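K.L.:
output the structure for:
(4 chains)
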There are 2 protein chains.
Amino acid sequence: MEDEVRWLSTQEQASWRAYLRGTRLIATALDEGLTKHGTRLTEYEILSMLSEAPGGRLRMSALAQLVVQSRSRLTHTATRLERLGWVQRHAVREDRRGVELSLTPQGRAVLEELATVHVSDVRRILLDRLTPEEFAALGHAMTRVVDSIDVTEGDC
Amino acid sequence: MEDEVRWLSTQEQASWRAYLRGTRLIATALDEGLTKHGTRLTEYEILSMLSEAPGGRLRMSALAQLVVQSRSRLTHTATRLERLGWVQRHAVREDRRGVELSLTPQGRAVLEELATVHVSDVRRILLDRLTPEEFAALGHAMTRVVDSIDVTEGDC
DNA sequence: GGAATATGGTTGAATAGTCAACCGTTACTC
DNA sequence: GAGTAACGGTTGACTATTCAACCATATTCC
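P.N.:
The predicted model follows:
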């Protein structure tokens, strides 16, 4: 029942602004890089997660959580990728409600192509603009946030 | 003509992953907070920029750059906000191509409401999960990226 | 073992965003 | 000062995302 608002200090405000604008700039730039090659970042992430999954497959809902998309959104995107011939749906033996997604050979090939483009974009847009220490600090802070949120989500 | 790809180290990879997932989680959570009150983060940012602009007005293209949206997208969003009665378009005297946007009194009132919600969300989702030092480091890194990108953009 | 509830995924309509073409205005250039 | 290029913003068609309702299967609990 708190109704006093604790506003941000000038410092905090500046950091928050930089965060907001920075993440947008980075997302836009990376997306642009991939769009030239016929994908977007959100799709790339899906392909990438699939390629690293044990067995090369992931349940729809697990994948949705990994890439932070709604199940509905993933359904639509998966359909799109399936039409492109990059991924494939499979029924799950143990749970007949379930669906698993995997890369097709073609999908894997596309991903390998894209990966080289994408990695160099990530370097150019983010890593090369920071010292190793600065980037490590960024990674550290974001890791803390992610871990903390993941825990909190659990007990809703 | 470089064609050897410098992949990310394990450390770098981990940081990058955390960044990607973290930014998504944060964006989703903040958006959810505002959605309950009838807006989304991208709209909120527009209102917020307008409220702080000298004279309470901004040119469409300047605003688009500030919030990192395409001019087209801003046109659509502005139309929506205008229909809600939150913002207003004005012709620009000196440049008859130009359009300026400003908050209506109602828009200002809505923003003040939303701001309290939003600030406490930002604290809950981000600030409270980090030490002041960690958050400062995050802000520092993002500031460096933003500044660096802003410079680069200039000479395209 | 059968009703109630929860989970996993899909659907389709409504909303938001992208993309390329466009129009009016302003700025160069010769 | 006429022609051309650049700028600022909008438009409309297309694509992507959200949202709420839904179906089928699993799980819980009495």
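
K.L.:
what segments of chain A are helices?
P.N.:
A:10-35, A:41-52, A:60-67, A:71-84, A:105-125, A:132-154 (DSSP state H).

K.L.:
buried stuff in the fourth one?
P.N.:
The one in question is helix A:71-84. By 16 or more other Cβ atoms under 10 Å in any protein chain shown, the buried positions in helix A:71-84 come out as A:Leu74, A:Thr77, A:Ala78, A:Leu81. All C-beta spots, glycine's among them, are computed from the backbone N, C-alpha and C.

K.L.:
helix A:60-67 and that one, what's the angle between them?
P.N.:
Angle between the axes of helix A:71-84 and helix A:60-67 is 100 degrees (criterion: axes from the mean of the first three to the mean of the last three Cα atoms, to 10 degrees).

K.L.:
same thing with the fifth one?
P.N.:
Computed by the same axes, to 10 degrees, the angle separating helix A:105-125 from helix A:60-67 equals 20 degrees.

K.L.:
what packs against helix A:105-125?
P.N.:
helix A:10-35, helix A:41-52 (3 or more Cβ pairs under 8 Å, 6 or more residues apart in numbering or on different chains; DSSP states H and E).

K.L.:
let me have these in CSV, extended by distance to B:Tyr19 and mean pLDDT.
P.N.:
Listed next are these as CSV, based on distance: least, Cβ to Cβ, whole Å; pLDDT from 0 to 100:
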stretch, distance to B:Tyr19, mean pLDDT
helix A:10-35, 8, 97
helix A:41-52, 12, 97
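
K.L.:
I'd like to know which of those lies nearest to DNA strand C.
P.N.:
Of all the helices and strands packed on helix A:105-125, helix A:10-35 sits nearest to DNA strand C, with 4.8 Å by Cβ to the nearest atom of the strand.

K.L.:
can you tell me if that closest one touches DNA strand D.
P.N.:
No - Helix A:10-35 stays clear of DNA strand D (Cβ under 7 Å from any atom of the strand), getting no nearer than 9.5 Å.

K.L.:
show me what counts as buried in that helix.
P.N.:
Buried residues in helix A:10-35 (16+ other Cβ under 10 Å): A:12, A:14-31, A:33-34.

K.L.:
chain B next: which of the residues you listed are close?
P.N.:
The residues of the buried residues of helix A:10-35 that also fall near chain B, by Cβ under 8 Å from any Cβ of the partner chain, are A:12, A:14-16, A:18-29.

K.L.:
count of residues packed around the closest residue to DNA strand D within chain A?
P.N.:
Among all residues of chain A, A:Arg96 sits closest to DNA strand D, at 3.1 Å; criterion: Cβ to the nearest atom of the strand. When neighbours are counted by other Cβ atoms under 10 Å in any protein chain shown, A:Arg96 registers 8.

K.L.:
which bits of chain A sit near DNA strand D?
P.N.:
So chain A meets DNA strand D at A:Arg40, A:Thr42, A:Gln69, A:Ser70, A:Ser72, A:Arg73, A:His76, A:Thr77, A:Arg80, A:Asp95, A:Arg96, A:Arg97 (Cβ under 7 Å from any atom of the strand).

K.L.:
rerun at 10 Å
P.N.:
Neighbours of DNA strand D within chain A, by Cβ under 10 Å from any atom of the strand: A:31, A:35, A:38-43, A:68-77, A:79-81, A:83-84, A:91-98.

K.L.:
isn't A:Arg129 right up against B:Val145?
P.N.:
Yes - counting by Cβ atoms under 8 Å, A:Arg129 does reach B:Val145; the two are 5.2 Å apart.

K.L.:
give me the more crowded residue out of the two.
P.N.:
More crowded of A:Arg129 and B:Val145, by other Cβ under 10 Å: B:Val145, with 24 against 20.

K.L.:
and the pLDDT for that one?
P.N.:
Looking at B:Val145, its pLDDT reads 97.

K.L.:
for it, what are its contacts?
P.N.:
A:Ala18, A:Gly22, A:Leu25, A:Ile26, A:Leu126, A:Arg129, A:Leu130 (Cβ atoms under 8 Å, 6 or more residues apart in numbering or on different chains).
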